[in-house]
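Participant: starting from these lines, generate the structure:
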Amino acid sequence: MRPVALPISALVLTATLAGPTVAQAGPEPLPLDRIPNLYRSAADRLIDAALVDGFGHRFSGSESLERAIDWILESMRADGLENVRGEPVMVPRWVRGEESLRLVSPREAELAILGLGGSVGTTPAGITAEVLVVSDFDELRRRADEAAGRIVVFDAPFTGYGETVRYRTEGAVEAARAGAVASLVRSVGPFSMNTPHTGMMVYRPGVPRIPHAAITIEDAMMLHRKQDRGERVVVRLQMDARTLPDAESRNVVAELRGRELPHEVVVLGGHIDSWDVGQGAMDDAGGSVAAWEAVRLMKELGLRPRRTVRVVLWTNEENGLRGANAYRDRYRDHLDDHILAIESDSGVFDPLGFGFTGSDSALAVVREVGSLLDRVGAGEITRGGGGADIGPIMREGVPGMGLRVDGERYFWYHHTEADTLDKLDPREVALCTAALAVMAYVVADLPQRLPR
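Facilitator: Residues are numbered from 1 along each chain as shown. This is a model prediction of the structure:
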């Protein structure tokens, strides 16, 4: 795993940090338009074959995830990283099975569908019922007397992921409370090319568990139009979804040991698992490889910081956070020596900077570090940031950061069959790698600990 030539991330890192301490000044950076031949082949390596094309999706409990983890561990050892290991984690195992949705009336048509993670299935015969299309939970409550025995369709336009995703997570609960026999949700995203969007959903105690699946934006709008015209809309839903006993998986861990304070740690990483559709290239193979490459570059360039830099690729972020919680539990007695945790899980588009959660004094420090990345447009440090996988240790007091990117297109592909390798741009991946490498290296090398 040796690059043909240094990627732009290496050039930025060496230009910013010419020696083992931040006090040394670096040379002027090369203009980006002069160095495509230097970084293109190496950046391609970051997002190439084995992690994505060679294994496909990496869903928790799947053989493809475990084979990918085996390959990563072997490759990290070949890279010369230290203390490479897989740390055991038991993960949930939800199996999608065969699934289909057919419009029966007022015309016949096959509709695209993706069952939502954790959903129960239907009987083998499926469920045939009239639909009730609503725009939000309030409308469902007003029309609850119409929902009994029907399949509720939530046609909620995308206003932002945090707001709109509640129809995916809680839709089955609200529909079941109204007496529905199943529920469908308009895919959570701003854009679609007949691409349904999967993701996690929940059930609540005391509420019947009904099948819950996503349909495309196009089909949700079509069903709504038919209902508004007074047409009686009937569909047949069939899902083989089921939950099997927990399976063994692993968090992937590797380090560049600190030269003076190896017990103090800066953690950076992403999650190695993905949903069972597409390739999980953007979510989150790109972020995982960028973090891994950031640490490898430090070693390649002879930049060994005072403290240990640890790359962690967490398992089971998508449907359980078991890897994140297992990491917290394993290192609970050492969290006082976790100086900073950084996560990359928003895609690997052009980096804009970082969001930071920690004390005001720590924010002042990381803003100074961020200024080293102004030359690549990634120097802005805003208040508030982190990530799902570092959330458990952040709640124990560890300062946290999330890489911020130009994510306008992120939810076009997120959790869909379209999250594939071709969506990753080598230059953008390399710039994300540079941002992660500089931030992690400098904080790990500072003479003083990042204040809490």
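Participant: residue contacts, Gly61?
Facilitator: Applying C-beta atoms under 8 Å, 6 or more residues apart in numbering to Gly61 gives the contacts 91-95, 244, 246-247, 249. C-beta here means a position set from N, CA and C on the backbone, and glycine is covered the same way.
Participant: spatially, what comes nearest to it if we skip its sequence neighbours?
Facilitator: Leaving aside its chain neighbours, Gly61 sits nearest to Arg93 (3.1 Å; criterion: C-beta to C-beta, 6 or more residues apart in numbering).
Participant: mind checking which helix or strand of this protein has the lowest mean pLDDT?
Facilitator: helix 36-46 (a mean of 46; mean pLDDT, DSSP states H and E).
Participant: what's the helix or strand following that helix in contact with?
Facilitator: Sequence-wise, the next helix or strand downstream of helix 36-46 (DSSP states H and E) is helix 63-78. For helix 63-78, contacts defined as C-beta under 8 Å, 6+ apart pick out 1, 50-51, 54-59, 84-86, 249-250, 252, 254, 272-273, 292, 313, 315.
Participant: same thing with stretch 188-206?
Facilitator: Stretch 188-206 has contacts (C-beta under 8 Å, 6+ apart) with 112-119, 158, 161, 164-165, 167-173, 187, 209, 212, 214-218, 275-277, 318-319, 411-412, 414-418.
Participant: pull out the buried members of those residues.
Facilitator: Neighbour counting by 16 or more other C-beta atoms under 10 Å classes 112-119, 158, 161, 164-165, 167-173, 187, 212, 214-218, 275-277, 318-319, 411-412, 414-418 among the contacts of stretch 188-206 as buried.
Participant: in ChimeraX, select just the buried ones from the contacts of helix 63-78.
Facilitator: Here is the ChimeraX command that picks out the buried ones among these, judged by 16+ other C-beta under 10 Å:
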select :51,55,56,57,58,59,84,86,249,250,252,254,272,273,292,313,315
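Participant: which helix or which strand is home to Glu146?
Facilitator: helix 144-147.
Participant: next SSE after that helix?
Facilitator: Immediately after helix 144-147, counting by DSSP H and E, sits strand 151-154.
Participant: each with direction, which strands does that following strand pair with?
Facilitator: strand 127-134 (parallel), strand 182-186 (parallel) (DSSP bridges).
Participant: now the shortest one: how far from the chain's centre is it?
Facilitator: Same thing as strand 182-186. Distance of strand 182-186 from its chain centroid, counting by C-alpha atoms, centre = their mean, to the nearest Å, is 23 Å.
Participant: pull the residues that contact it.
Facilitator: So strand 182-186 is contacted by 101, 113, 116, 122, 127, 129, 131, 151-157, 167-168, 171-172, 174-176, 210-217, 220-221, 237 (C-beta under 8 Å, 6+ apart).
Participant: next: the longest one.
Facilitator: Under the contact criterion C-beta under 8 Å, 6+ apart, strand 127-134 has outside partners 104, 140, 143, 146-147, 149-155, 180-182, 184, 211, 220, 223-224, 227, 232-238.
Participant: OK, contacts around Leu340?
Facilitator: Leu340 touches 266-267, 358, 366, 398-401, 440, 443, 450, counting by C-beta under 8 Å, 6+ apart.
Participant: swap that for Arg332, sorry
Facilitator: Glu396.
Participant: equivalent analysis for Ala294, please.
Facilitator: By C-beta under 8 Å, 6+ apart, the contact set of Ala294 is 9, 268, 311, 433-434, 436-437, 440.
Participant: ok, for it, nearest residue in space, not its chain neighbours?
Facilitator: Spatial nearest neighbour of Ala294, chain neighbours left out: Ala437 (3.7 Å); criterion: C-beta to C-beta, 6+ apart.
Participant: compare the contacts of Leu340 and tell me which has the most neighbours.
Facilitator: For the contacts of Leu340, neighbours were counted using other C-beta atoms under 10 Å, and Met401 has the most, 29 neighbours in all.
Participant: in terms of helix, strand or coil, where does that one fall?
Facilitator: strand (DSSP: H, G, I helix; E, B strand; the rest coil).
Participant: and the strands in the stretch 201-350 of the chain?
Facilitator: If DSSP state E, counting those that start in this stretch is used as the criterion, the strands of the stretch 201-350 of the chain fall at 212-215, 234-239, 242-256, 261-271, 307-314, 338-343.
Participant: all set, thanks.
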